[in-house]
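*Asks:* What would the 3D arrangement of this be:
(chains A and B)
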Amino acid sequence: GQQLNQSPQSMFIQEGEDVSMNCTSSSIFNTWLWYKQDPGEGPVLLIALYKAGELTSNGRLTAQFGITRKDSFLNISASIPSDVGIYFCAGHPRDNKLIFGAGTRLAVHP
Amino acid sequence: NAGVTQTPKFQVLKTGQSMTLQCAQDMNHEYMSWYRQDPGMGLRLIHYSVGAGITDQGEVPNGYNVSRSTTEDFPLRLLSAAPSQTSVYFCASSFRTGTGELFFGEGSRLTVL
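*Replies:* This next block holds a predicted model:
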């Protein structure tokens, strides 16, 4: 079946550093989305991308829909302790089945 | 506005028992879905529904049944629980099918002994 390869698996950074994570697929996706999950809660949508090449920001977060439609990245600038959590990419192939990457676990050291 | 409500939050079952995980949304969302989350594997789609009376299989449907008799409710039934079904289950909904803009419940942690 479809798979998303998300990297890195985990990151441990200092407060104030910038963070970058990405997601790739072997097939073309029609949408790319980024979610964040805090411990003990369900994921929450951060950014949704619908067009190849689209670059979208949400506060300190910036995400891009790759021009080949097979990848996406998420950047977090000037990280703060509340950025801790698991970040998931997700995407739609040609059907209604939204699939998720395995997640990037982010830890921020004050 | 409660959003997506899942019950129970925690459940322990013995192998072979059956149970139903409840999911309700009060946002008049068209699309509803069930995911399971296992360590290192992200979220995997079990079943989804694009409207009342319409359901379809996701990536990992075996051992689970769903129905969508109303817009609000989308229960997930485990017919004969197995240890491999130990997981955290999330219900999610969106206003329109195909956007991917999901609202998630808080999750139901299931342990099968």
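*Asks:* all contacts plus neighbour counts: C-alpha atoms, from now on.
*Replies:* Will do.
*Asks:* which residue does chain B bring closest to chain A?
*Replies:* Minimum separation of chain B from chain A (Cα to the nearest Cα) falls at residue B:42, amounting to 3.8 Å.
*Asks:* My read is that that residue contacts residue A:104, right?
*Replies:* No: using Cα atoms under 8 Å, residue B:42 makes no contact with residue A:104, being 9.5 Å away.
*Asks:* Identify the contacts common to those two.
*Replies:* Shared contacts of residue B:42 and residue A:104 (Cα atoms under 8 Å, 6 or more residues apart in numbering or on different chains): residue A:88.
*Asks:* quick revisit: now do the contacts for the residue of chain B closest to chain A.
*Replies:* The contact partners of residue B:42, by Cα under 8 Å, 6+ apart, come to A:88, A:100, A:101, A:102, A:103.
*Asks:* How about it, nearest residue that isn't a chain neighbour?
*Replies:* In space, and not counting its chain neighbours, residue B:42 is closest to residue A:102: 3.8 Å by Cα to Cα, 6 or more residues apart in numbering or on different chains.
*Asks:* just for chain A, where's the confidence low?
*Replies:* Low-confidence segments of chain A, defined by pLDDT under 70: A:1-2, A:94-96.
*Asks:* Now it against chain B: closest residue?
*Replies:* Counting by Cα to the nearest Cα, chain A gets nearest chain B through residue A:102, at 3.8 Å.
*Asks:* Hmm, that residue is touching residue B:41, no?
*Replies:* Yes: assessed by Cα under 8 Å, residue A:102 is found in contact with residue B:41 at 4.8 Å.
*Asks:* you'd agree residue B:80 is in a helix?
*Replies:* No: under DSSP: H, G, I helix; E, B strand; the rest coil, residue B:80 falls outside any helix and is assigned coil.
*Asks:* how far away is it from residue B:17?
*Replies:* As judged by Cα to Cα, to the nearest Å, residue B:80 and residue B:17 stand 5 Å apart.
*Asks:* Equivalent analysis for residue A:26, please.
*Replies:* Applying Cα to Cα to residue A:26 and residue B:17 gives a distance of 39 Å.
*Asks:* give me the number of residues near residue B:97?
*Replies:* Neighbourhood size, residue B:97 [other Cα atoms under 10 Å in any protein chain shown]: 18.
*Asks:* can you check residue A:75 too?
*Replies:* The burial count for residue A:75: 17, using other Cα under 10 Å.
*Asks:* by contact count, what packs against the helix or strand harbouring it?
*Replies:* Here residue A:75 sits within strand A:71-76, counting by DSSP states H and E. Packed against strand A:71-76 by the contact rule (3 or more Cα pairs under 8 Å, 6 or more residues apart in numbering or on different chains; DSSP states H and E) you find strand A:19-25, strand A:61-65.
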